[in-house]
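*Asks:* With the sequence up front, the predicted model follows.
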Amino acid sequence: MRQVKKPEVRKAEIVDAAVRSFVERGYDQTTVESITGSLGVAKGCFYHYFGSKEQVFASAIESIAQRLCATYLAILQDHSRSPSARLVSYIDHGYALTERDEAPDLLAALHGDRFRDMHHRIVDRVGGELRPTLCALVAAGAAQGEFRVHDPEFTAIALLGALRELHEVYAERPDLDLRAHRATLIDLLERMLGAELPHSELPHSDRDAEKR
């Protein structure tokens, strides 16, 4: 007997299958057939929820953005650690995602002209969700004497804006020296916050092995 699933469950399954296909195959090589085939459902099921591959791609990116936000918020809101340690972990998590290079074709599609507006909407959404938490973190660091800033909210918003612009400019550079880039960023943050941040090193990756 065919199992009938609730619409929201089936739609979520299609989005999850699309995420897997986009990550494994890249945007151009993903088809409606590759998505529905992995679920064992007919194409008509896909078109009941999405009008095109572009629409499910938007939902897939939204799903990824939600997961990223959840991870970033968990790091920034870990009150068992100092504000400066949380901030560095937040920064390093972003670099670790780049180091692993898990979905280069998917990210390349997102940064391309076709989806530039979508990319900006997602960056705005993630920034909007992180802003209050980052403001609270900088305020806590100032209150605890870790950060020397006159206006914690202003500093946090400026910091978030700098991180966004750096991402926009450097995200599409596959030959970027991540360790040098990170060291420069940490130096900038230390000057913005009037603090010495905890030092940690990114783990060596396949990218480093290729360079050696």
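*Replies:* It's in.
*Asks:* now for the longest helix belonging to the chain, which elements pack on it?
*Replies:* Using DSSP state H to define each element, the chain has its longest helix at helix 116-143. Contact partners of helix 116-143 among helices and strands, from 3 or more CB pairs under 8 Å, 6 or more residues apart in numbering; DSSP states H and E: helix 53-76, helix 83-100, helix 104-111, helix 152-170. From N, CA and C alone the C-beta is placed, and that goes for glycine too.
*Asks:* What angle do helix 152-170 and it make with each other?
*Replies:* Between helix 116-143 and helix 152-170, the angle comes out at 140 degrees (axes from the mean of the first three to the mean of the last three CA atoms, to 10 degrees).
*Asks:* that older thread, out of the helices and strands packed on helix 116-143, which is closest to His120?
*Replies:* Closest to His120 of those, according to CB to CB: helix 152-170, at 8.8 Å.
*Asks:* and the closest one with helix 83-100, angle?
*Replies:* 10 degrees.
*Asks:* Packing partners of helix 152-170?
*Replies:* If you count contacts as 3+ CB pairs under 8 Å, 6+ apart, helix 152-170 packs onto helix 116-143, helix 178-193.
*Asks:* Show me what the last one packs onto, helices and strands only.
*Replies:* Counting contacts by 3+ CB pairs under 8 Å, 6+ apart, helix 178-193 packs against helix 83-100, helix 152-170.
*Asks:* Adding mean pLDDT, distance to Gly128 and mean neighbour count, write the ones you listed out as CSV.
*Replies:* Shown next, in CSV, are those (pLDDT from 0 to 100; distance: least, CB to CB, whole Å; neighbours: other CB atoms under 10 Å):
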stretch, mean pLDDT, distance to Gly128, mean neighbour count
helix 83-100, 86, 16, 18
helix 152-170, 92, 10, 16
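*Asks:* that older thread, lowest average confidence across the helices and strands packed on helix 152-170, which one?
*Replies:* Ranked by mean pLDDT, those bottom out at helix 116-143, which scores a mean of 88.
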